[in-house]
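Asks: The following comprises the amino acid sequence and a computationally predicted model.
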Amino acid sequence: MIYTITLNPSIDYVVELEELALGGLNRMKRDMKYPGGKGINVSRILNELEADNVAMGFVGGFTGQFIEERLKEHRMESNFIHIRKDTRINIKLKHGAETEINSQGPVIEPAEAEELLTRLAASLRQGDIVVLSGSVPPSLGEGYYNRCIQICKEQGAEFVIDTTGAALLEALPSRPLVIKPNHHELAELFQTEIRTRDELISYGRRLLGLGAQHVLISMAGEGALLLREEQVYHASVPPGQVKNSVGAGDSMIGGFVGTYARTGNAVEAFKMGTACGSATAFADDLADQEHIQQLYAKVQLQEL
Ligand SMILES: Nc1ncnc2c1ncn2[C@@H]1O[C@H](COP(=O)(O)OP(=O)(O)OP(=O)(O)O)[C@@H](O)[C@H]1O
Ligand SMILES: O=P(O)(O)OC[C@@]1(O)O[C@H](CO)[C@@H](O)[C@@H]1O
């Protein structure tokens, strides 16, 4: 089974404006609400790929209820801890450019925090995969992901972590199945500037050396790189009109994990991850099965 953990889910409130007048009254051209948060997005893609999964994390209040209802409508399995405070609302403003305004998220009480760890430990079996994705609400403290990873190790489960900075570096010795920094995050991680593909590969290799089993480096419209052991692959993205890049990275992780869990083939998983990322970038909401399959046939892989 695949479990996704979203410590800080959100309603993504997508607002489209013709133009943004700061300090003035703006009227929306269109607005949409989606269940969001990185792990939930991964689960939604897994669902499109018909990969069994359970979405876990914290939800609360009317906003949390909205998320649970939407997931039920998509016939998705979830096992959320219900918290006293309201799940956050994140604003995704589209006015030519995409501007994101994310909330810090609600306070999670200590008993609620412990309950998730207990449920995770009780659910996991040898060979399961746990995807840890997104920001950690400040009240949980910095070590919370480490406690989740510890539980995965104790139960013999693989884990994937999609986070940045120190939290990512700390997780590497525990051998994550895959990590997916984008090219900017990779440069930040090593506090450097990366100018060429060779430099990307060289810094990506360092992450393998530090413990990651697979490293995906996503490069938006430039496609992505997969590094594992001695091999490096590039995937080119098919042409299309970009509508929404929010969740493209999560879609890539969903595609990779869902396919890897089914086939054990990292190269095929990489191809599917790239197709899912691009299919989301070319859609208003996250990708759907039909578009993922269409793009999968068009992704070109090259061993470097
Ligand atoms: N403009 C684009 N055109 C085609 N494919 C795209 C585009 N943007 C993203 N993708 C696809 O999605 C994958 C992940 O995108 P990206 O590198 O933007 O990840 P990310 O920064 O983690 O995304 P985000 O944080 O916006 O979800 C890319 O490798 C590519 O396959
Ligand atoms: O604030 P975080 O947890 O870092 O990111 C949350 C978020 O921006 O990530 C998803 C897209 O990747 C959105 O659904 C959601 O709003």
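Replies: Nice, thanks for sending it over. Ligands and ions are numbered 1, 2, ... in the order given.

Asks: Can you tell me, leaving aside adjacent residues, what's nearest to the one residue in the stretch 51-200 of the chain that gets nearest to ligand 1?
Replies: The stretch 51-200 of the chain approaches ligand 1 most closely through Asn182 (3.6 Å), counting by C-beta to the nearest ligand atom. The C-beta positions use only the backbone N, C-alpha and C, and glycine is treated the same way. In this structure, Asn182 finds its nearest non-sequential neighbour in Ser218, 4.7 Å apart by C-beta to C-beta, 6 or more residues apart in numbering.

Asks: Could you list the buried residues of stretch 33-40?
Replies: Neighbour-count burial for stretch 33-40, with 16 or more other C-beta atoms under 10 Å as criterion, is recorded at Tyr34, Pro35, Gly36, Gly37, Lys38, Gly39, Ile40.

Asks: What parts of this protein come near ligand 2?
Replies: With C-beta under 6 Å from any ligand atom as the criterion, the chain meets ligand 2 at residues 8, 10, 12, 36-38, 41, 90, 100, 102, 134-135, 246-247, 249-250.

Asks: From those residues, which land in helices?
Replies: Lys38, Asn41, Gly249, Asp250 (DSSP state H).

Asks: Grab the most central residue of the chain for me.
Replies: Central residue of the chain (C-alpha atoms, centre = their mean): Asp250, 3.0 Å from the mean position.

Asks: Alpha carbons only: can I get the helix or strand harbouring Tyr145 in CSV?
Replies: Using DSSP states H and E, Tyr145 sits within helix 144-155. What follows is helix 144-155, C-alpha atoms only, in CSV (Å, rounded to 0.1, in the frame of the first residue of the first chain):
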residue,chain,number,x,y,z
TYR,A,144,8.2,15.6,13.1
TYR,A,145,9.2,14.3,9.7
ASN,A,146,12.1,12.5,11.4
ARG,A,147,9.6,10.7,13.7
CYS,A,148,7.6,9.6,10.7
ILE,A,149,10.7,8.3,9.0
GLN,A,150,11.7,6.4,12.2
ILE,A,151,8.3,4.7,12.1
CYS,A,152,8.8,3.7,8.4
LYS,A,153,12.1,2.2,9.2
GLU,A,154,10.8,0.3,12.2
GLN,A,155,8.0,-1.2,10.1
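
Asks: residues making contact with that helix?
Replies: By C-beta atoms under 8 Å, 6 or more residues apart in numbering, the surrounding residues in contact with helix 144-155 are 5, 7, 113, 117, 120-121, 124-126, 128, 130, 132, 136, 158-159, 161, 163, 167, 170-171, 174.

Asks: ChimeraX command to pick out the buried ones of the residues of the chain next to ligand 2?
Replies: Command for ChimeraX that selects the buried part of the residues of the chain next to ligand 2, burial taken from 16+ other C-beta under 10 Å:
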select :8,10,12,36,37,38,41,90,102,134,135,246,247,249,250
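
Asks: ok, the residues of the chain next to ligand 2 vs Val59, which is closest?
Replies: Nearest to Val59 among those is Gly37, at 9.2 Å by C-beta to C-beta.

Asks: Chain neighbours aside, what residue packs nearest to the closest one?
Replies: Gly37 sits nearest to Pro9 (C-beta to C-beta, 6+ apart), 3.5 Å away.

Asks: isn't that neighbour right next to Ile89, touching?
Replies: No: the pair Pro9 / Ile89 is not scored as a contact, 10.5 Å apart, by C-beta atoms under 8 Å.

Asks: I'd like to check which residues are in contact with Ile40.
Replies: Neighbouring residues of Ile40 by C-beta under 8 Å, 6+ apart: Thr4, Thr6, Pro9, Ala55, Gly57, Ile67, Leu71.

Asks: ok, the residue lying closest to Lys298 once chain neighbours are set aside to Asn79 distance?
Replies: Spatially, and ignoring its direct neighbours in sequence, Lys298 is nearest to Pro238 (3.8 Å; C-beta to C-beta, 6+ apart). Using C-beta to C-beta, to the nearest Å, Pro238 is found at 36 Å from Asn79.
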